Structures are given as C-alpha cells and as structure tokens.
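A.B. asks: model the following, please.
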Amino acid sequence: MNIPLETQESLDCLDSVERLLRHLHLVQGACELMGKKLIRNGEEEFGLKLISLGFIHDNSKFFGNEWSCLCRHKSSDSQELEQAIDLHRSKNAHHPEYYATIKQMPREHLWEMVADIWSRSVELGGDVRDYLFTVLPERFGFADQAVEENRRIWKELEKALAFLLEEHL
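C.D. replies: Residues are numbered from 1 along each chain as shown. Predicted coordinates:
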C-alpha cells in the first residue's frame, strides 16, 4: 500500500487548520467559562445560549473564500481579502458589522464578541481592555456613556470581561 507523502500544500493546510482550531477552542472555552458562571448566578437560559454559541463560533471560516483568504491566506488581492472579511462579518452575529448599529446587537452576541476579542488578544498579544473600551466604542459609536443605549453596551462588555477574567463585579 502506498501512503502519500505529506506535501508542502498539505502541511500548509494543516497549519491553517491548527490556527483556526486554536482560535475556536479559545472562544469555546471562554464561552463555556462565562456560561457556567451565568448559570451559577441564576441565568440558566442565557448561560446555555452562550455555551452553545461557543460551539458554532466562526464555523463559516472552514468554507469558500473565508477559508482561502482568511485562514489559508491564499490571496494577496486586498479587495478579495476585504470581500472575505465582509462575507465573514455578514454571516456571524458576534460581529457588530452584522447589524445596522451595534446598539441592535443582542446580549448573547455581545458576550460572544468579548470571547472572540479576548481570544484574538491571547493569540496576537493585544490588550483586550484597550480594544473593548477605547477602540470599539469609537469605531462603533457608543463612546458617550450619557446615552442610555450606550450604557447598556458598556455594562454588558464590562460584565462579560469580568466573568471571563474572574474579576469581582
């Protein structure tokens, strides 16, 4: 029996799979941690919803242009990459761009977004707090905490991060 030798292409594919799986496992673990804490705090339905979102987080990245551009990095065309990013955001409700405004984002997707941003900060070495409380509010227009809708978003982001990092509220 002939067993095919690994090719550079297959090794590159496996590297891409490993990077994506690492991200998915980090997000899944974060959603599980936060979800269990929510359940312990009496928010069973919300906790279960968040845990379930961890299992389907970013599954669209395994297919089509999302896979080839975002995971395999096969395109050097900036327009094609931007289209893949837009496609990903349009399919995944944990991205603020999925909505007309972040103020329409349901609570469970805000918490999943925190898990996603935390995961990326672990992977890339960024500052999760800076991104959540400086970059994100300016980018998506909820920096003014005097506005009631904005306070809801801030409160959810703060609570989710505290649950994730095991801080006391």
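A.B. asks: I'd guessed Phe55 sits against Gln28; true?
C.D. replies: Yes: the criterion here is CB atoms under 8 Å, and Phe55 meets it with Gln28 at 6.3 Å. Where you see a C-beta, it was placed from the backbone N, CA and C, and this is true even at glycine.
A.B. asks: more crowded one of these two?
C.D. replies: Counted by other CB atoms under 10 Å, Phe55 and Gln28 do not tie: Gln28 has more neighbours, with 20 against 12.
A.B. asks: low-confidence stretches in this protein?
C.D. replies: Under the criterion pLDDT under 70, the flagged ranges of the chain are 1-5, 75-76, 167-169.
A.B. asks: can you do 80?
C.D. replies: 1-6, 72-77, 167-169 (pLDDT under 80).
A.B. asks: strands along that one, start to end?
C.D. replies: For the chain, strands defined by DSSP state E do not occur.
A.B. asks: distance of Glu158 from Glu66?
C.D. replies: Separation of Glu158 from Glu66 (CB to CB, to the nearest Å): 31 Å.
A.B. asks: residue contacts, the spatially most central residue of the chain?
C.D. replies: Centroid check for the chain by CA atoms, centre = their mean gives Asp116 as the closest residue, at 2.6 Å. Asp116 sits next to Val27, His57, Asp58, His94 when contact means CB atoms under 8 Å, 6 or more residues apart in numbering.
A.B. asks: please report the number of neighbouring residues for the spatially closest residue to the second one that is not a sequence neighbour.
C.D. replies: Once flanking residues are discounted, His57 sits nearest to Val27: 4.6 Å by CB to CB, 6 or more residues apart in numbering. By other CB under 10 Å, the residues close to Val27 number 25.
A.B. asks: so who does Val27 touch?
C.D. replies: Gly54, His57, Asp58, Glu112, Ala115, Asp116, Ser119.
A.B. asks: could you measure from Asp86 over to Glu97?
C.D. replies: Taking CB to CB, one finds Asp86 at 8 Å from Glu97.
A.B. asks: ignore what I typed, I meant Ser68.
C.D. replies: From Ser68 across to Glu97, the span is 21 Å (CB to CB).
A.B. asks: what's the answer for Ser119, then?
C.D. replies: For Ser119, the distance to Glu97 - CB to CB - is 18 Å.
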